Structure formats: C-alpha cells, structure tokens
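Visitor: Curious how this folds, go ahead:
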Amino acid sequence: MKLANMVGDRFKERPANCLIDSHALMVRGGYIKNVANGIYSQYPAMKRISRKIEAIIREEMDKLDGQEVMFPVVLPGSLWDESGRYESVGSELLRFNDRTGSKMVLGMTHEEAAVQLVREYANSYAKFPFMIYQIQTKFRDEARPRAGLIRVREFTMKDAYSFHTSQEDLEQYYEKQYKAYSRIFARCGIPEVAVVASDSGMMGGSVSHEYMLLTPAGEDSIATCPECGYSANVEAAPAIFDVENDMPLADLELVETPGTGTIEELCEFLKIDAKHTAKAVVYQRNADDSFVVAFIRGDLDINETKLTNAVGCDIHPADIVDDSVLTAGFIGPVGISDKVTVLFDKSLEGIDYLVTGANKTDYHYKGFNVARDCDNPEYVDVAKITEGGICPKCGKHSIELSRGIEVGNIFQLGTKYSKSMGFTYTDENGKEQYPIMGCYGIGVGRMAASICEVRHDDWGPIWPITIAPWQVHLCCLRSDDAAAKAKADEIYDALQKKGIEVIYDDRKVRPGAMFADADLLGVPVRVVVSPRNLEQNAVEISTRDKSIDKEMVPVENTLDRVDEIIAQLTEQINSKVE
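Guide: Numbering: from 1, shown residues only. Presented below is the predicted three-dimensional model:
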C-alpha cells in the first residue's frame, strides 16, 4: 500500500472533544471518523488492526473447538420477551417496531439468539458439550458514550456461548476460556491484563470475571490486595469495615438540629465524626418511582450496582419533592413511611450508638441502635470498598484501588436462558433437563483503542507487531531524486514479494511531515531511503518502540535485517504467551 493512495488524513492538532490520548491519536492518525454520538467509521489502518485482532481471537476460539456462526443484528422482540429481558433491560436496549408493527431490537448481546439457534438441534445429551461464537456488530444505546472506541454505541464484538450438561463440565470449560483469554491479550501485546472477579449484571449467572487493562484512563475501578493477590471490580468486591464502637449504648433521644440537612452540617453541629452517623441515600425504582432508602455509615458511599442488585431492579437517584413521603435532609429509619423500601448496609451492623434523621425537619435521633430500634433489620453489602480497606480474602487493611478498561469478560450463566426460553434436552435416563450455559465476550474496537491507550508516546501509537496495521513503514526521502526513488521502489517490491506487510511513503513532502505521519501510524519497523544514506550504500532502520534507533544497514542486507527485527519483535510478544 502506498501512503499517497490511502484513504484518511492525518493532522497535527489534538481535537478538542477527545478527552483521552487514544481517542485523540486515532482521530489524528486517520483510524476512525465520528458518524454520530458513539458511532464511528473505520479507515483502512483501523480495519487492518481489527482484522488482525479478530484473527487471533478466531485461532484461540477454534483451539477450544469453537464453531463460528453469525446471528442477526436485528432481532425480534419476542425472543427477548422469552428471556424476560425485553422489559428488564433498561434504555440501553434499542427497541423499535418494523413496518408490520412487530417489536424488534438491535442486538446488544446475543444469548437469546444463541439459544434460538440450537434449541431444536441440541435435544439429546449426545449433542453436548459444544461452543458457538461469532464476531458481529452490536448496538448498545449508551447514555454517555465517550473516549472514542472505548465506550461507544455501535461496536464489533466476539461473543461465544458454550452449552453443557453439568456444572462440572461448564467449570472445566470455563477454565479453558479463562486461559485462552489470557493468551489472546498476550498475543495482542498486552500481557499485563489483570483478571478480576466481577458483577454479572444484566447477563445473570453466579460466576463472572473481567479482564482489565490497568490505566488512569479507565472507567472501571479495581480493588486489589498486594498481600494475597485478591482482585475484583469494586462493583463485586465486598466492602468490609471495622465496627466503630467507641460511643456507648444510650437511649434513643430526639434532638433539635436546625439547618443540618447534610452529614457535614450535622457533624459540625453535634461535634461528632461522620462514622457515628447513619446516612440515608435515596433512590427510586425506574418502573414506578417508588422510593428505596439505603442507610449507610456516614463516612461511606453507596455502590449503585450493589444497591441495584440488592433491590432486584433498575433504580435512579431520587427526586424528593415537597409533597413526598420523605423529609429531605432528615430521613431516618425510625418512623419512616411503610411505602418506602428500607435497606441497611453492613457497615451499620454491630454499632451501638448512631445519629440519624428523625423524619422531621430540623430534628435527628441520637443513640440510634439498628438492632434495638428497628424490627428485623436486614443487612446487605451496598457500600463502596475503600482504599486501605479490609481485604475480603486475607483480612488485612491492604486494599488498593486503581482504574482499568474492561477488555473482555466471561460468565457462568447457568440455566438462566435455557429455562426462561424452554430449551431442554433428554438426558441418558430419558429425563428432560435444562442445558447449562457459559458466555464469553471481547470487544474488538475497544481492545484496539485500549492498546493504543497504554502503548503510545507523545507522537502516536506504538502498535505491537502482531496487530500493527503494517509490519514495515518504508519512507523515501527526496522522492524527486531518481536514484533514491528507484532504490525505494526496489525495496518496496522486494518486501511485498517476501510477504512482508509494508506501507510505502513516496510523497514529495518534507521529512518532518513524513516522519510525523509515520509516528501516527505507529508501524513497528521503519526503513528510510535517502540520497545521503545511499551515498554510504545504506538504509536507515529503526523501530517505533525505540529499541532500535537509526541503525545503518547495507542496502543488500535490508530484507534480511527487516526479517530479523520482525522475528525479534514477534518473539518478544510470544514469550509472554502462556
């Protein structure tokens, strides 16, 4: 490919709407173009990267006896009615009616389609186990798409679905997928991806893991313990706290607390620490706007995902109006309306003395004790885990929090979809059983963008050799010089005949502009032909990662040296693959 003919421009200025480096570089480098909010077209360079990532994924899935299939992007709403997700999934699922008035959806995930594909085929235990997968376009109507390809509405994803006749068989296969995912990320040049326990969310199931690429640009928070190796998404990490019992048990006392509608104001007024208060955090169910009040220790924060799971439906932060059953700023569990769902976070369990709202403006209760003053309180974990918190595995105050991008996930779904969709098989005893499912996903575009986020410098991406759009970037300086142009053309033809992927820049542009474009394309090996180099019968070879900096190589050795460098870079990647 000649750069002069390649569709897509490159430019110097950072776009104003690009909040993270990978987004800016992929726009500047001619990889992607915005079509609509969270929807992008891919230029040739990006498509080549995507194709290589897909090839690695296919190889690893095929090694696990995966069979590639293809599901529709547009699915009938009736399939999602069968699973119950047509109503339970929120506005991220794009619903519409076709010309006949039938309910349709754009597939954001394809569990229903996978079950529909095989439920007549897999009617006997002799057909199991098996795994099917696809690499397909999906649409998720994200409320806040951002960060280029890292959070989008339309995306390409590999999703795989395995079917089993026993939990033991699923667990054995899940372990194979677990290891295959680590190989995929290592082969793509990011072996440092961390595996963390995760929340199953709308997917369902009891066991799930996420593959996190740690970077400050990540949207997910990860809790890790350097003492024992524990790791989990904060949405799935149990929040464990010491019982703060340094105030003695006392009678419940109503006290006037004017102008103390916040925890900070209350603590200042009563001269107490926030850890001695029971804070009310209020949400409403999306379905009917009924109130859910979670009481939590005043110095802690609610984890909304945990609360959603505890309530069992989608919720949103409450809008408390004047005629509400709640008294904003002074909400407490004693005397609260029976129209409200009340939950107590585990951080309040065992504490003898707390201050909490009295459900009356400008009044609070002192001496509140959950176990004594509330009937059969149920404690649930809805708090955010904190830096320096107690590790759920080793019990030490060693939790560290960091940011990461989720580049893959795997789930043990159980029988959630087979049961709801009436998928059964006959076992060896002639009894009908529900297949047990696993689900395994990787976002192709998100992975490419994530790699760019952690593999770049100030001038552009540094693509790993295994997924780079080309292996070699050939630059002809002074293409108006006949000898230089002839030699560069000769090297270009020889590289192509040898099967080496090469992008060739023979434009009549300044060296600075040519090298700036080369940096933005991030190709691993760069070969520079110029009149000055040819005076020494040499070409200049370097690598984008600076491991080789301006090495002068005799012209006749160019191909051999390029071959050696490609092999070295590839071996560096493969040495990290377990």
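Visitor: Low-confidence stretches in the chain?
Guide: Across the chain, the ranges flagged by pLDDT under 70 are 199-206.
Visitor: Can you check which strand is longest in it?
Guide: The residue-count maximum for a strand in the chain (DSSP state E) belongs to strand 400-414.
Visitor: Give the pairing partners of it; include direction for each.
Guide: The partner list of strand 400-414 in its sheet, established with DSSP bridges, is strand 207-214 (antiparallel), strand 220-224 (antiparallel), strand 436-443 (antiparallel).
Visitor: If you count neighbours, what's buried in it?
Guide: When burial is assessed from 16 or more other C-beta atoms under 10 Å, strand 400-414 yields the following buried residues: 401-402, 404-414. All C-beta atoms are positioned from the backbone trio N, CA, C, and that covers glycine.
Visitor: go on, stretch 544-551?
Guide: Of the residues in stretch 544-551, those buried (16+ other C-beta under 10 Å) are 544-545, 548.
Visitor: And what about the spatially closest residue to residue 441 that is not a sequence neighbour, helix, strand or coil?
Guide: The shortest distance from residue 441 to any residue other than its chain neighbours is 4.7 Å, reached at residue 159 (C-beta to C-beta, 6 or more residues apart in numbering). On the three-state scheme (DSSP: H, G, I helix; E, B strand; the rest coil), residue 159 is labelled strand.
Visitor: If residue 159 is in a bridge, with which residues?
Guide: residue 134, residue 441.
Visitor: which ones are touching residue 258?
Guide: Taking C-beta atoms under 8 Å, 6 or more residues apart in numbering, we find residue 258 in contact with residue 362.
Visitor: how far away is it from residue 105?
Guide: If you measure residue 258 against residue 105 using C-beta to C-beta, to the nearest Å, the figure is 53 Å.
Visitor: Ok, residue 368 next?
Guide: In this structure, residue 368 lies at 47 Å from residue 105, with C-beta to C-beta as the measure.
Visitor: So for those two, which residue has more residues nearby?
Guide: More crowded of residue 368 and residue 105, by other C-beta atoms under 10 Å: residue 368, with 28 against 22.
Visitor: Surely the more buried one and residue 334 touch.
Guide: Yes - Residue 368 lies in contact with residue 334 (C-beta atoms under 8 Å); the separation is 6.9 Å.
Visitor: what is in contact with those two at once?
Guide: Between them, residue 368 and residue 334 share these contacting residues under C-beta under 8 Å, 6+ apart: 252, 356.
Visitor: wait, what's in contact with residue 243?
Guide: Contacts for residue 243 were tallied using C-beta under 8 Å, 6+ apart; they are 349-351.
Visitor: how about the residue most central in space within the chain, what does it touch?
Guide: What sits nearest the mean C-alpha location of the chain, by C-alpha atoms, centre = their mean, is residue 406, with 2.5 Å. Applying C-beta under 8 Å, 6+ apart to residue 406 gives the contacts 210-212, 220, 446.
Visitor: out of the buried residues of strand 400-414, which one sits closest to residue 558?
Guide: Taking C-beta to C-beta as the measure, residue 407 is the one of those closest to residue 558, at 36.3 Å.
Visitor: Ends of stretch 135-153, what's the gap?
Guide: Distance between the two ends of stretch 135-153: 16 Å, counting by C-alpha to C-alpha, to the nearest Å.
Visitor: Please identify the buried residues of that stretch?
Guide: Burial within stretch 135-153, assessed by neighbour count using 16+ other C-beta under 10 Å, is assigned to 135-136, 138-142, 145-153.
Visitor: and what of stretch 43-55?
Guide: In terms of neighbour count (16+ other C-beta under 10 Å), stretch 43-55 has its buried residues at 43, 45-46, 48-50, 52-54.
Visitor: Among those residues, which lie within helices?
Guide: Using DSSP state H, the members of the buried residues of stretch 43-55 that fall within helices are 45-46, 48-50, 52-54.
Visitor: Closest one to residue 531 out of those, please.
Guide: Of all these, residue 531 sits closest to residue 45, with 28.8 Å by C-beta to C-beta.
Visitor: Distance-wise, check the closest one relative to residue 274.
Guide: Residue 45 sits 52 Å away from residue 274, going by C-beta to C-beta.
Visitor: likewise residue 329?
Guide: Counting by C-beta to C-beta, the gap from residue 329 to residue 274 is 15 Å.
Visitor: Would you map the strands across the stretch 251-400 of the chain?
Guide: Secondary structure of the stretch 251-400 of the chain, counting by DSSP state E, counting those that start in this stretch: strands at 253-256, 278-285, 291-297, 315-317, 341-345, 354-357, 363-368, 379-380, 400-414.
Visitor: Tabulate those strands (a markdown table), appending distance to residue 191.
Guide: Conversion of the strands of the stretch 251-400 of the chain to a markdown table gives the following (distance: least, C-beta to C-beta, whole Å):
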| stretch | distance to residue 191 |
| --- | --- |
| strand 253-256 | 59 |
| strand 278-285 | 40 |
| strand 291-297 | 39 |
| strand 315-317 | 38 |
| strand 341-345 | 38 |
| strand 354-357 | 48 |
| strand 363-368 | 51 |
| strand 379-380 | 38 |
| strand 400-414 | 12 |
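Visitor: List of residues touching stretch 462-471?
Guide: Residues from elsewhere that reach stretch 462-471, judged by C-beta under 8 Å, 6+ apart: 1, 44-46, 48-49, 52-53, 56, 187-190, 448, 451-452, 455-456, 500-503, 521-525, 544-545, 566, 569-570, 573.
Visitor: In terms of distance to residue 305, which of the buried residues of strand 400-414 ranks first?
Guide: residue 406 (13.3 Å).
Visitor: Identify the bridge partners of the closest one.
Guide: On DSSP bridges, the residues paired with residue 406 through beta bridges are residue 212.
Visitor: any idea how far it is from residue 247?
Guide: Plainly put, residue 406 is 42 Å away from residue 247 if you go by C-beta to C-beta.
Visitor: Would you map the strands across the stretch 451-578 of the chain?
Guide: Under the criterion DSSP E, counting those that start in this stretch, the stretch 451-578 of the chain carries strands at the ranges 456-457, 460-461, 472-476, 502-505, 525-529, 538-543, 551-554.
Visitor: ok, residue 329 and residue 274, which is more surrounded?
Guide: Legend: neighbour count by other C-beta under 10 Å for residue 329 and residue 274, higher for residue 329 (18 against 15).
Visitor: surely the more buried one meets residue 357?
Guide: Yes - the pair formed by residue 329 and residue 357 meets the contact definition of C-beta under 8 Å, at 7.5 Å.
Visitor: hang on, residue 137 in a helix?
Guide: No - assigned with three-state DSSP, residue 137 falls outside any helix and is strand.
Visitor: who's in contact with it?
Guide: By C-beta under 8 Å, 6+ apart, residue 137 lies in contact with 73, 154-156.
Visitor: again with residue 273
Guide: For residue 273, the residues meeting the contact criterion (C-beta under 8 Å, 6+ apart) are 267, 299.
Visitor: Can we start the residue count at 88 from this point?
Guide: New numbering, starting at 88: the last item is residue 360.
Visitor: what about it, distance to residue 432?
Guide: Per C-beta to C-beta, residue 360 is found 17 Å from residue 432.
Visitor: List the buried residues for stretch 408-425?
Guide: If you call a residue buried by 16+ other C-beta under 10 Å, then stretch 408-425 has these buried ones: 413-420, 423.
Visitor: C-alpha coordinates for it, PDB please?
Guide: Presented in PDB, the C-alpha positions along stretch 408-425 are these (Å, rounded to 0.1, in the frame of the first residue of the first chain):
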ATOM      1  CA  VAL A 408     -40.400  16.900  46.100                       C
ATOM      2  CA  ASP A 409     -42.200  18.900  48.800                       C
ATOM      3  CA  ASP A 410     -45.200  16.600  49.000                       C
ATOM      4  CA  SER A 411     -43.000  13.400  49.200                       C
ATOM      5  CA  VAL A 412     -43.300  10.800  51.900                       C
ATOM      6  CA  LEU A 413     -39.700  11.600  52.800                       C
ATOM      7  CA  THR A 414     -38.300  14.600  54.500                       C
ATOM      8  CA  ALA A 415     -35.200  15.600  52.600                       C
ATOM      9  CA  GLY A 416     -32.100  16.000  54.700                       C
ATOM     10  CA  PHE A 417     -33.600  14.500  57.800                       C
ATOM     11  CA  ILE A 418     -34.500  10.900  56.700                       C
ATOM     12  CA  GLY A 419     -34.200   8.200  59.300                       C
ATOM     13  CA  PRO A 420     -35.300   4.600  59.800                       C
ATOM     14  CA  VAL A 421     -37.400   5.200  62.900                       C
ATOM     15  CA  GLY A 422     -40.900   6.200  61.900                       C
ATOM     16  CA  ILE A 423     -40.200   6.100  58.100                       C
ATOM     17  CA  SER A 424     -43.100   5.600  55.800                       C
ATOM     18  CA  ASP A 425     -44.100   2.000  55.100                       C
END
